[in-house]
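Student: show me the folded form of this:
(one chain, ligands or ions: 1)
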Amino acid sequence: MRRITVIPGDGIGKEVMQAAMLVLNELSLPFRYTWMEAGDEAYRKYGKALPDETLEECLKSDAVLFGATGETAADVIVRLRFELETFANIRPAKSYRGVKCLYDDIDIVIVRENTECLYKGLEFEVADGVTEGIRVITRKGSERIARFAFELAEREGRKKVTALHKANVMKKTCGLFRDVCREVAKSYDIEFNDYYIDAACMYLVMDPYRFDVILTTNMFGDIISDLAAGLVGGLGLAPSANVGEKHALFEPVHGSAPDIAGKGIANPSAMILTAVMMLKHFGHLDEAAKIEKALENVLAEGKTTPDLGGNLKTMEMAQEVVNSLKSM
Ligand code: ATP
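Tutor: The predicted structure follows:
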């Protein structure tokens, strides 16, 4: 039995988690789920956004399945990624039939370094009205994430890795990242190139087919993964996995979406696809493929939530996925 900590969190996190669990419970999987609290609501209740018991449970688990947090994201999800040492954040962007996208047949994976860069939280107020933030990029961290990206490309039969940086301006930090990526690329039989992050944003919008695996630093990866999600129908469809040597944490790219929270209209697809990533991580490939196929059927039939033009509620869409699973 694998031990999974389930943290619904805040806002739509709770709604989409309930939907994903409805789908997961349809299959008999060797998982034992423990539900824990974290986020804005936990902060109001316990004075701690990430209560000690939640962190301890996560550290003891084989994986964490996470919904979303709002204002306390830095204290919860960013901290969890550090505590669990999940150095790689994998964010696929794939277009599905029936979903209005800017382009068809997009299948990109973003591999984002998850422990360094400006998100280390090294920010200071050095004088009145003067603030500073420190950007940390190391050879070890860059090499680890670069190898991870190439190994993912090999494993998934992908053809190309593209590193994104801004080495012409951030000569030391991005310079090191770019150089290490170039060095690592030499030991793999996979095409490699690198672009400046700003140019890459334009290419992604105008010609996304030039990308396959994107390899980048923490903050650029955060921003570009929302851009990539926008290419394929929005945040309602974007899953992610945080993977380290010992731990793994699975979460949709979206946040708590306060604008739609409580209305029961959040798209559960990102959370369901996040659960699919967890199944793949543990080698349950048949079950993962079945759920993804069921979701594909539902999307193709237009049985969706309002963000994708449909009129279903979150749980109704999840039920459609379950119905499709049952009919397989
Ligand atoms: P947070 O501060 O928690 O990150 P946010 O509103 O800044 O919240 P997101 O939660 O990522 O950021 O949402 C950005 C936009 O995308 C919002 O308009 C939201 O309604 C929409 N959105 C995000 N996730 C979904 C979803 N699963 N289904 C439908 N719309 C979504």
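Student: okay, and the residue lying closest to residue 60 once chain neighbours are set aside sits in which element?
Tutor: Nearest residue to residue 60, sequence neighbours excluded (Cβ to Cβ, 6 or more residues apart in numbering): residue 3, at 6.7 Å. (Glycine included, C-beta is placed from N, CA and C.) Assigned by DSSP states H and E, residue 3 belongs to strand 2-9.
Student: now the most centrally placed residue in the chain: phi and psi?
Tutor: Against the mean C-alpha coordinate of the chain, by Cα atoms, centre = their mean, the closest residue is residue 240 at 2.2 Å. With angles defined as degrees, to the nearest 10, residue 240 sits at phi -160, psi 160.
Student: shouldn't it be in contact with residue 248?
Tutor: No - here residue 240 does not reach residue 248: they are 11.2 Å apart, not a contact under Cβ atoms under 8 Å.
Student: contact residues of this protein facing the ligand?
Tutor: 12, 16, 68, 70, 235-236, 254-260, 266-267, 270, 307 (Cβ under 6 Å from any ligand atom).
Student: please enumerate the helices of the protein.
Tutor: Using DSSP state H, the helices of the chain run over residues 12-24, 40-46, 52-60, 73, 79-83, 139-155, 173-185, 197-206, 218-231, 269-281, 285-300, 314-326.
Student: I'd like those helices as TSV, with mean pLDDT appended.
Tutor: Formatted as TSV, the helices of the chain follow (pLDDT from 0 to 100):
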stretch	mean pLDDT
helix 12-24	98
helix 40-46	96
helix 52-60	97
helix 73	91
helix 79-83	92
helix 139-155	97
helix 173-185	98
helix 197-206	97
helix 218-231	94
helix 269-281	97
helix 285-300	96
helix 314-326	98
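Student: redo those as CSV? Include mean neighbour count.
Tutor: Below are the helices of the chain laid out as CSV (neighbours: other Cβ atoms under 10 Å):
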stretch, mean neighbour count
helix 12-24, 24
helix 40-46, 17
helix 52-60, 15
helix 73, 18
helix 79-83, 19
helix 139-155, 19
helix 173-185, 20
helix 197-206, 15
helix 218-231, 20
helix 269-281, 24
helix 285-300, 18
helix 314-326, 19
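Student: for residue 48, give me its contacts.
Tutor: Residues near residue 48 by Cβ atoms under 8 Å, 6 or more residues apart in numbering: residue 42.
Student: thinking again about what came up before, residues of the strand holding residue 3 that come out buried?
Tutor: Along strand 2-9, these residues count as buried under the neighbour rule (16 or more other Cβ atoms under 10 Å): 4, 5, 6, 7, 8, 9.
Student: ok, the last one touching residue 73?
Tutor: Pointing back at residue 9 there. No - assessed by Cβ under 8 Å, residue 9 is found out of contact with residue 73, at 9.2 Å.
Student: and the closest residue to the ligand within the stretch 1-150 of the chain, how far from residue 273?
Tutor: Nearest residue of the stretch 1-150 of the chain to the ligand, counting by Cβ to the nearest ligand atom: residue 70, 4.3 Å away. To residue 273, residue 70 is 22 Å away according to Cβ to Cβ, to the nearest Å.
Student: partner residues bridging residue 91?
Tutor: With DSSP bridges applied, residue 91 shows beta-bridge pairing to residue 110.
Student: find the nearest non-adjacent residue to residue 147, please.
Tutor: residue 184 (5.8 Å).
Student: with only the CA atoms kept, save stretch 247-267 in CSV.
Tutor: Extracted C-alpha coordinates of stretch 247-267, given in CSV (Å, rounded to 0.1, in the frame of the first residue of the first chain):
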residue,chain,number,x,y,z
HIS,A,247,9.4,12.5,-2.3
ALA,A,248,6.8,13.5,-4.9
LEU,A,249,4.1,16.1,-4.7
PHE,A,250,1.4,16.4,-7.3
GLU,A,251,-0.6,19.7,-7.8
PRO,A,252,-2.5,21.4,-10.6
VAL,A,253,-0.8,24.5,-12.0
HIS,A,254,-3.7,26.7,-11.0
GLY,A,255,-4.2,28.4,-7.6
SER,A,256,-7.3,28.7,-5.4
ALA,A,257,-9.2,30.9,-8.0
PRO,A,258,-11.0,33.1,-5.5
ASP,A,259,-13.1,34.6,-8.4
ILE,A,260,-14.9,31.3,-9.0
ALA,A,261,-14.4,29.4,-5.6
GLY,A,262,-17.6,28.2,-4.0
LYS,A,263,-19.6,28.2,-7.2
GLY,A,264,-18.9,24.6,-8.0
ILE,A,265,-17.9,25.5,-11.6
ALA,A,266,-14.1,24.9,-11.4
ASN,A,267,-12.8,22.7,-14.1
